[in-house]
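>>> Sequence plus the predicted model coming up.
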Amino acid sequence: METVKIKDRSFAVSIPEETIKERVAALGAQISADLAGEQPLFLAVLNGSFVFAADLLRSVSVPCEISFVRMASYQGTSSTGKVRQLIGLNESIEGRTVVIVEDIIDSGLTMKELLLLLENYHPKRVLISALLVKPGNLKVDLDIPYCCFEIPNDFIVGYGLDYDGEGRNLRHIYTVED
Ligand code: 5GP
Ligand code: MG
């Protein structure tokens, strides 16, 4: 099996490019069927989702739009602790069907915060799509109608996901070895 070395770790192919492409196309078709007659706004969460978003969107056949957002955290006052903020949401989502495009859901805490932040903007509904989900690590209750692959709790890179900034350009999804 093909392996790559990034910094101090080696990674082995776990989901080949062809399998990803087929699954992402099927998910795009499913979303299109489910949202027929609507004009969803896809919200891709940077950085990791940029490759998935590019492939997913080209498999969607209903009229749609996409916007790219980022979760930023900064230190609040000592009473509020770490505060998370949503950056890049420039259009109104009021009354709209929003589809979040996320690279990976691990504990689910980031997604839970994103859902809470989006509620302030009164969307009609928010649906979650994720390339990868690690069900074994989920710490919160999440409804994830659109997931490409469920994977074990191992660290992965490639297809947009990084290890310490590198590896986003890899065409397959790789799992860390040992
Ligand atoms: P959560 O809040 O669900 O625990 O974490 C989600 C974020 O953690 C993802 O958006 C991603 O940035 C990072 N993450 C979790 N697991 C992995 C992994 O296996 N590989 C990479 N590259 N990032 C991960
Ligand atoms: Mg992410």
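Arrived safely, thanks for sending. Ligands and ions are numbered 1, 2, ... in the order given.
>>> So for this protein, the centremost residue is which one?
Glu102 (0.9 Å; CA atoms, centre = their mean).
>>> excluding its backbone neighbours, what's nearest that one?
Ala130 (4.6 Å; CB to CB, 6 or more residues apart in numbering). C-beta here means a position set from N, CA and C on the backbone, and glycine is covered the same way.
>>> mind checking how far that neighbour is from Asp178?
Computed as CB to CB, to the nearest Å, the Ala130 to Asp178 distance reads 26 Å.
>>> between those two, who's got more neighbours?
Neighbour count, other CB atoms under 10 Å: between Ala130 and Asp178, Ala130 has more, with 25 against 4.
>>> Stretch 10-24 spans what distance, first to last residue?
26 Å (CA to CA, to the nearest Å).
>>> pLDDT on that stretch, on average?
For stretch 10-24, the mean pLDDT works out to 98.
>>> Can you tell me what sits against that stretch?
Contacts with stretch 10-24, where a contact means CB atoms under 8 Å, 6 or more residues apart in numbering, come from 1-5, 52, 55-56, 59, 131, 148-149, 151, 156-159, 163, 167, 171-178.
>>> Am I right that Gly136 is in a helix?
Yes. Under DSSP: H, G, I helix; E, B strand; the rest coil, Gly136 sits within a helix.
>>> Excluding residues flanking it in the chain, which one is nearest it?
Gly136 sits nearest to Asn153 (CB to CB, 6+ apart), 4.8 Å away.
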